[in-house]
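Trainee: Here you go, sequence then predicted model.
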Amino acid sequence: MRKVDPVKHERKRGEIIAAALRCFTRDGFRGASTTDICAQAGISPGHLYHYFPSKEAIIETMIDMGLAHAADRFEKILASPDVIEALLADIEETSLRFRPAQVLNLDGLAEAARNPEFARMIARHTDAVRRMWGDFLRQAQSQGRVDPGLDPDATANILIAVIDGSRAMPIRNPKLDIKQNATHLKKMLVRFLSPPDAQSASSKHHTQTTDRPLKLVKKR
């Protein structure tokens, strides 16, 4: 029996997943077949089953990889000097500018509405993401960097909805000014997540700046 080289095996799995991502982005989860994925990866259908037993198994692996990547991103955000600034930068990079995330998010929700097996996968992914958001918010609250009066789990649901909506906007409006959108999103997140004392300080600074008396220039 031929021994499997684990390094080569994982490399080939990565190539197949990358090929599947291109197919799913182009044709959708329902439209992309295993034949399409094999053609994109440059392998035969028989060869595919050495790595994945089905298209659904590829999607499950993609979900697990995405969750692991998200966990790493949350750790980096928590380690940054400004949690909200880092959070917005991550949302802008992974949601507003990353085309596959925009397409797959909408197509995944549509497929879940008509495919019970896919709905199960989406629910598993959403539950895991919600838990990560909740843990992230609790840690940020314990550090005094997020409003302690917010319920972490309810806030997690709201943030997931906001991010899903952000991903949809570039598709709804191809001419969207992403920079402007990100700026307004930042304002919303700062007002929503910042501790009350930080919001009061910001409001006081804004008032002092705007309430300065105007200097009249006398006409000569």
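Mentor: Good, I have the coordinates.
Trainee: Contacts only, for P116.
Mentor: By Cβ atoms under 8 Å, 6 or more residues apart in numbering, the contact set of P116 is empty. Bear in mind the C-beta positions are built from the backbone N, C-alpha and C, glycine included.
Trainee: can you pull out the helices in this structure?
Mentor: Listed in chain order, the helices of the chain (DSSP state H) span 6-31, 34-41, 45-48, 55-79, 83-91, 99-112, 116-142, 152-172, 178-193, 196-210.
Trainee: Contacts for the shortest one next, please.
Mentor: The list of residues contacting helix 45-48 from outside it, by Cβ under 8 Å, 6+ apart, reads I16, T34, T35, I37, C38, A41.
Trainee: Farthest-apart pair in those residues, please.
Mentor: I16 and T35 (13.1 Å; Cβ to Cβ).
Trainee: For R172, grab the count of nearby residues.
Mentor: Residues near R172, counting by other Cβ atoms under 10 Å, number 10.
Trainee: and it, how far is that from N105?
Mentor: 12 Å (Cβ to Cβ, to the nearest Å).
Trainee: Same question for P174.
Mentor: 16 Å.
Trainee: The two: which is more packed in?
Mentor: Set P174 next to N105 and count neighbours by other Cβ under 10 Å: N105 wins out with 18 against 7.
Trainee: Spit out the contact partners of the more buried one.
Mentor: D164, R167, A168.
Trainee: Would you mind confirming that the second one is in contact with R97?
Mentor: Same thing as R167. No: the criterion here is Cβ atoms under 8 Å, and R167 misses it with R97 at 10.3 Å.
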